[in-house]
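After the sequence you'll find the predicted model.
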Amino acid sequence: MRAARSVTTFAASAASILALTVAAMPAHARQAAPTIDAPAAAQPEAQARANPLSESVAAVVNDDIISSYDLMQRMRLLMITSGMQPTQENLPQLEQEALRSLIDERVQLQELRRVEKEQKITIISTDKEVDEEIGSIAQGNKMTAQQLLDQLAAQGVSADTWRSQIRAESSWQNWISGRYGSRLRIGEDQIKAFQRRLAESASKPQYQVSEVFIDATRVGGPDVALNGARQLVTQIQQGAPFPAVARQFSAAATAANGGDAGWVSPGEMPAEVDAALEQLRPGQLSAPITVKDGVYIVYLRDKRSGAKATLVDLKQVAVALAKDAPEADVQSATALLAGLKPKLTSCQTLEAEAGKVDGVVAGDLGEAEIGDLAPAFQEAANALNVGQISDPIRTDAGLHLIAVCGKRQSGAAAPSHDQIENRLRGQQLALISKRYLRDLRNSATIETR
């Protein structure tokens, strides 16, 4: 399955992009920059390429050349898709980001070609698959594919430039997902640990956050990361869409979703970010936040107070006993339930397993606030984690085993089991991809000029 992709609406952003003049272009791209008299009057591709001798070499990646024309084109595409306005201050950052992305793509495609040759398989996206990606993006922007490509051409970006980016991204994502996705095993212990953290943090204030993370190692150090973050904050304040900026500049796993980190509680993000969120009001953008390995920019979309009541979803297995039942009967029922407990391995099979034992009844108690439960059940519901079962509990009606099948705070819709599993899987795949690319870059011969 091809990874979904989206861009900011070209009709809105393209009209706001300033035409780059030759004087404003960085040294690498200046020689190949075509003249643009107006945003809608880009030169034809053939004319832009009319004098190939005017191009220079911007970088060499394992003998694969990135030309100044390639760099200039990628910078233009970066500005259109992020909604950033070119200025003398941010052009160096745009150039660096464009060059880094081109280098990464060259390294990735070289690795994919090596694997294709070695394993005799097809990994790199075909022209047809790239066309389908473009059609999907165009449909999401309520345009035809040709209209979308025309908008790019009007800003001096060739179709080949965008197609190359799409081909590299989709091929790499599919390779990572195909090679490692089936091998990843998200254990129940990981899911239960995630659910416990949610339950523990749900009583705290919660923040709906979008994020951009600038990785200091990737961009050349803390000072470069901080300066780059300041430039991005300025652009966002001037109207660049936060999701588009996040997709193009963020090193966080949320970049593909436009920086959407969802609802977070204190402790889920670095302490410096937590402190900044406490000071923000919904709708506010933070200043750059320096952390150990980079710089964050966060946008607080919404905030809610922590929930007060804990809701539990319970099932029970019980043996009916009168309040004044003989002690021998109580001990017999206790032994029966204690022997049955190890066989109750999940809420899904609890009733079926209990139904095999004579004298035992099982049922779903539904979801309720812990404070509304019978006193004998409250202690167990508070102490148990999701998936755990109590020891036998005596009440006036009988003897019970209580199974906690779910636990959440009121007022917050807890993610389902499958949603948690998919989220953890996505995080692990993003980490694998990052490490894989880092190793490829470290072993590559990369020369920038």
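Thanks, I have it. Predicted model, so just to flag it, every value in this text is computed and none were measured.

use CA for all of it now, contacts and neighbours both
Noted.

Can you check which helix is longest in this protein?
The residue-count maximum for a helix in the chain (DSSP state H) belongs to helix 91-119.

which secondary structure elements does it contact?
strand 57-61, strand 64-67, helix 68-82, helix 159-180, helix 417-443 (3 or more C-alpha pairs under 8 Å, 6 or more residues apart in numbering; DSSP states H and E).

Turn the ones you listed into CSV, including distance to residue 91.
Below are these laid out as CSV (distance: least, C-alpha to C-alpha, whole Å):
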stretch, distance to residue 91
strand 57-61, 15
strand 64-67, 18
helix 68-82, 9
helix 159-180, 19
helix 417-443, 24
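
Select, out of those, the one closest to residue 238.
Of all those, helix 68-82 sits nearest to residue 238, with 12.4 Å by C-alpha to C-alpha.

sorry, back to before: out of the helices and strands packed on helix 91-119, indicate the one that is most buried.
Comparing those by mean neighbour count (mean count of other C-alpha atoms under 10 Å), helix 68-82 ranks first with a mean of 24.

nearest to residue 234, of the helices and strands packed on helix 91-119?
The nearest among these, by C-alpha to C-alpha, is helix 68-82 at 13.1 Å.

Would you mind giving the secondary structure of the residue nearest to the spatial centre of the chain?
In the chain, the residue lying closest to the centroid (C-alpha atoms, centre = their mean) is residue 254, at 2.9 Å. Recorded secondary structure, residue 254: helix (DSSP: H, G, I helix; E, B strand; the rest coil).

now what about stretch 356-371, what contacts it?
309-320, 350-351, 354-355, 378, 381-382 (C-alpha atoms under 8 Å, 6 or more residues apart in numbering).

Could you rerun that using 7 Å?
309-319, 351, 354-355, 378, 381 (C-alpha atoms under 7 Å, 6 or more residues apart in numbering).

Next, please give the residue ranges for the helices of the stretch 301-449 of the chain.
For the stretch 301-449 of the chain, applying DSSP state H, counting those that start in this stretch gives helices covering 327-340, 350-354, 375-383, 417-443.

Adding distance to residue 182 and mean pLDDT, write these out as CSV.
Compiled in CSV, the helices of the stretch 301-449 of the chain are given as follows (distance: least, C-alpha to C-alpha, whole Å; pLDDT from 0 to 100):
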stretch, distance to residue 182, mean pLDDT
helix 327-340, 35, 93
helix 350-354, 29, 91
helix 375-383, 35, 88
helix 417-443, 10, 89
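
For residue 271, find the nearest of the ones you listed.
Per C-alpha to C-alpha, nearest to residue 271 of the helices of the stretch 301-449 of the chain: helix 417-443, 20.3 Å.

I'd like the distance between the residue of the chain most remote from its centre and residue 357.
Here the chain reaches farthest from its C-alpha mean at residue 326, the gap being 59.3 Å by C-alpha atoms, centre = their mean. Computed as C-alpha to C-alpha, to the nearest Å, the residue 326 to residue 357 distance reads 21 Å.

Next: residue 169.
56 Å.

if we can go back for a sec, need the max-distance pair from the contacts of stretch 356-371.
309 and 355 (32.9 Å).

between the two, which one's more packed in?
With neighbours defined as other C-alpha atoms under 10 Å, residue 309 and residue 355 compare such that residue 309 has more, 16 against 13.

so how far does stretch 316-326 reach from one end to the other?
23 Å.

so how far is it off the chain centroid?
51 Å (C-alpha atoms, centre = their mean, to the nearest Å).

go on, stretch 404-424?
On C-alpha atoms, centre = their mean, the centre of stretch 404-424 falls 18 Å from that of its chain.

Need the pLDDT of residue 267.
Looking at residue 267, its pLDDT is 83.

Give me the phi and psi for it.
Backbone torsions of residue 267, given as degrees, to the nearest 10, read phi 100, psi -20.

contacting residues for it?
Neighbours of residue 267 in contact, by C-alpha under 7 Å, 6+ apart: none.

Start the count at 20 instead of 1 going forward.
OK, 20 is where the count begins now, so the last one is residue 286.

Can you tell me how far it is from residue 368?
From residue 286 over to residue 368 (counting by C-alpha to C-alpha), the distance is 35 Å.

swap in residue 453?
Note on residue 453: its distance to residue 368, by C-alpha to C-alpha, is 40 Å.

Can you verify residue 216 is assigned to a helix?
Yes. Residue 216 sits within a helix when classified using three-state DSSP.

quick one: the strands in the stretch 270-419 of the chain?
279-283, 303-304, 308-310, 313-323, 329-339, 380-388, 412-414, 417-428 (DSSP state E, counting those that start in this stretch).

if you compare those, which one is most tucked away?
Using mean count of other C-alpha under 10 Å, strand 417-428 ranks as the most buried of these, with a mean of 23.

how far is it from where the chain is centred?
33 Å.

hmm, who's touching it?
Contacts for strand 417-428 (C-alpha under 7 Å, 6+ apart): 218, 221, 326, 328-341, 366, 400, 403-413, 433.
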